[in-house]
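Visitor: no sequence for this one, just the structure:
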């Protein structure tokens, strides 16, 4: 959270700090964040209720990946001609698959078939636009 909002070298900075999303000064100390949010429950992730606002008390909650996908910004990245998905969508699908989100859940949120999600995850689709998913999963 702090890195993507404060560090321009972070891979996610463009979508967070680069858009002006900040972290409450209070939350720069982990102990204060923990006092406000509590420990992260199993299988949940930190989500901003209003994606145009900041990481701060009252705008954050613990949610499932599926809930978080439903709360994402509606237009993300450039669309490839004749495609329903953006490059950011494809990257999200691959990342979510590694986290254990089901193909069916992702298909429902992204408006494509479960089969298409499978093609993306296995690298049978979008390989030339996003890169080899076997490299992506190793952080290369």
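Guide: Cool, the structure landed. None of these values were measured; they are calculated from a predicted model.
Visitor: Which neighbouring elements make contact with the host helix or strand of residue 109?
Guide: Counting by DSSP states H and E, the element that carries residue 109 is helix 103-110. Judged by 3 or more Cβ pairs under 8 Å, 6 or more residues apart in numbering; DSSP states H and E, helix 103-110 is in contact with helix 65-70, helix 87-98, helix 114-121. Any C-beta I mention is one placed from the backbone N, CA and C, and that applies to glycine too.
Visitor: between the second one and helix 103-110, what angle do the directions make?
Guide: Helix 87-98 and helix 103-110 meet at an angle of 160 degrees, taking axes from the mean of the first three to the mean of the last three Cα atoms, to 10 degrees as the criterion.
Visitor: so where do the strands sit in the protein?
Guide: 45-48, 60-63 (DSSP state E).
Visitor: tell me how far stretch 48-60 is from the chain's mean position?
Guide: Put simply, stretch 48-60 sits 15 Å off its chain's centre (Cα atoms, centre = their mean, to the nearest Å).
Visitor: So which bits of it are buried?
Guide: 48, 54-55, 60 (16 or more other Cβ atoms under 10 Å).
Visitor: I'd like the mean pLDDT over it, please.
Guide: Across stretch 48-60, the average pLDDT comes to 92.
Visitor: Quick one: end-to-end length of that stretch, please.
Guide: Using Cα to Cα, to the nearest Å, the end-to-end distance of stretch 48-60 comes to 4 Å.
Visitor: Going forward, the N-terminal residue is numbered 5.
Guide: Will do, 5 is the new start, and the previous item becomes stretch 52-64.
Visitor: circling back to that earlier point, mean pLDDT lowest for which of the helices and strands packed on helix 107-114?
Guide: helix 69-74 (a mean of 75).
Visitor: which residues touch the nearest residue to residue 58 once chain neighbours are set aside?
Guide: Closest residue to residue 58 apart from its sequence neighbours, by Cβ to Cβ, 6 or more residues apart in numbering: residue 26 at 4.8 Å. Counting by Cβ atoms under 8 Å, 6 or more residues apart in numbering, residue 26 makes contact with 9, 58-59.
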